[in-house]
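*Asks:* no letters, just coordinates:
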């Protein structure tokens, strides 16, 4: 049954929008205080009062517009910048000496908030566009711009472009991270499918090939065809050609919601007794030693550990010979569960595992080590030629599927 997992990840630019919201409020108050303390200099105070009233109402009413990239539309940006430019240009109407004395304009540093909104929304190009209009308005307002005026204009222009560039880099990094997460999810899904194929189809094809060759006649031809299909399927598994993972993404108010569909059974029990999954392996040639109390693990962890144990026993049957004896030992420790599979076969020659992986035979790499890695555990294989093989599987009790070290 498909299970949808929603992971909410905060956008890297969301703190910038929050900072811009605070900046607009603080600079609005600063502009009002400047006007209050400098009210004596205004020749037409009603012009300053009218503009600052409109600016304050606009700032408070449009706070939701600067809460995130979705709400901050182009229409809002244009209106916000227009209000800032009007405030700059009408400053000489309120203060006749404004063109001759280096003093603050009516909106003062509130204007920079409009430019910063462009930078956060569209990057450095949008920032350059908005700051250029602000620069022209300041030069017109001053008439004969002084050194300080040019310095302030250049500062706003450079700062806004720098912030816009930083935003673009952050967005690119976020996209790269999202792509890496998708590749990781696809890789894990491919390895899971490869393990399932190895534990079922490839094992059957290998058995058909061996039995067909042993029987001879028409069965030998059937075995040959099964062998060819086994090689083709191993090549397909090794190449990683599997269906894409089902990952969707939605952005709202700066929060990125990623939805991943995974296969799981609804209503699964909270914990599973590992002994019940391993007991069926016991037989005349497989001895099973277990603790006297239940060995409880998460259902997924127990199933994967049992499957890895089964893969180890399959290797015993295939490589150790028909008469080989195997032992399964389960140890339940406070923080981990250890399952050891040992046999008395001829052992594995040095370098054979690396050679098998190079040939596309991924039994140990995927069915055993891959499963344990996905559980945050480890798989250690010890083999001495002529003295059998021992596979030690360790899984943490609180396994949540995190990648762990695999030796």
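*Replies:* Received it, and whenever you're ready, just let me know what you need. Note that the structure is a prediction, hence the values are computed from the model and not measured.

*Asks:* use CA for all of it now, contacts and neighbours both
*Replies:* Will do.

*Asks:* now do the helices in this structure.
*Replies:* 14-37, 45-61, 74-89, 91-94, 111-122, 124-142, 147-197, 203-215, 218-239, 274-278, 299-319, 352-358, 371-374 (DSSP state H).

*Asks:* in the second one, what's buried?
*Replies:* In other words, helix 45-61. For helix 45-61, burial by neighbour count (16 or more other C-alpha atoms under 10 Å) applies to 47, 48, 49, 51, 52, 55, 56, 59.

*Asks:* hmm, residue 84 is touching residue 115, no?
*Replies:* No - at 9.5 Å, residue 84 does not count as touching residue 115 under the criterion of C-alpha atoms under 8 Å.

*Asks:* read off the pLDDT value for residue 372.
*Replies:* On pLDDT, residue 372 comes in at 84.

*Asks:* mind putting the helices of the chain in TSV, distance to residue 339 included?
*Replies:* Compiled in TSV, the helices of the chain are given as follows (distance: least, C-alpha to C-alpha, whole Å):
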stretch	distance to residue 339
helix 14-37	47
helix 45-61	64
helix 74-89	62
helix 91-94	80
helix 111-122	54
helix 124-142	58
helix 147-197	19
helix 203-215	23
helix 218-239	27
helix 274-278	10
helix 299-319	8
helix 352-358	21
helix 371-374	11
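
*Asks:* closest to residue 342 out of those helices?
*Replies:* Proximity to residue 342, assessed across the helices of the chain by C-alpha to C-alpha, is greatest for helix 299-319 (8.7 Å).

*Asks:* what comes up buried for the closest one?
*Replies:* Of all the residues in helix 299-319, those buried under the rule 16+ other C-alpha under 10 Å are 299-313, 316-317.

*Asks:* compute the inter-axis angle for that helix and helix 147-197.
*Replies:* With axes from the mean of the first three to the mean of the last three C-alpha atoms, to 10 degrees applied, the angle from helix 299-319 to helix 147-197 works out at 50 degrees.

*Asks:* how far away is the residue nearest the centre of the chain from residue 188?
*Replies:* Nearest to the geometric centre of the chain sits residue 181, at 4.2 Å (C-alpha atoms, centre = their mean). Per C-alpha to C-alpha, to the nearest Å, residue 181 is found 11 Å from residue 188.

*Asks:* what does residue 54 give?
*Replies:* For residue 54, the distance to residue 188 - C-alpha to C-alpha - is 57 Å.

*Asks:* output the lowest mean pLDDT helix or strand found in this protein.
*Replies:* strand 2-10 (a mean of 44; mean pLDDT, DSSP states H and E).

*Asks:* just checking, residue 282 touches residue 289?
*Replies:* No - between residue 282 and residue 289 there is no contact under C-alpha under 8 Å: 9.3 Å.

*Asks:* contacting residues for the residue nearest to residue 384 when sequence neighbours are not counted?
*Replies:* Using C-alpha to C-alpha, 6 or more residues apart in numbering and skipping the chain neighbours, the partner closest in space to residue 384 is residue 347 (5.5 Å). When contacts are counted by C-alpha atoms under 8 Å, 6 or more residues apart in numbering, residue 347 touches 320, 383, 384, 385, 386, 387, 388, 389.

*Asks:* how about residue 114?
*Replies:* Counting by C-alpha under 8 Å, 6+ apart, residue 114 has contacts 77, 80, 81, 84, 130.

*Asks:* now residue 303
*Replies:* residue 277.

*Asks:* hang on, the earlier thing: from the contacts of residue 347, which ones fall inside strands?
*Replies:* 383, 389 (DSSP state E).

*Asks:* are any of the contacts of residue 347 buried, and if so which?
*Replies:* Buried among these (16+ other C-alpha under 10 Å): 320, 383, 388, 389.
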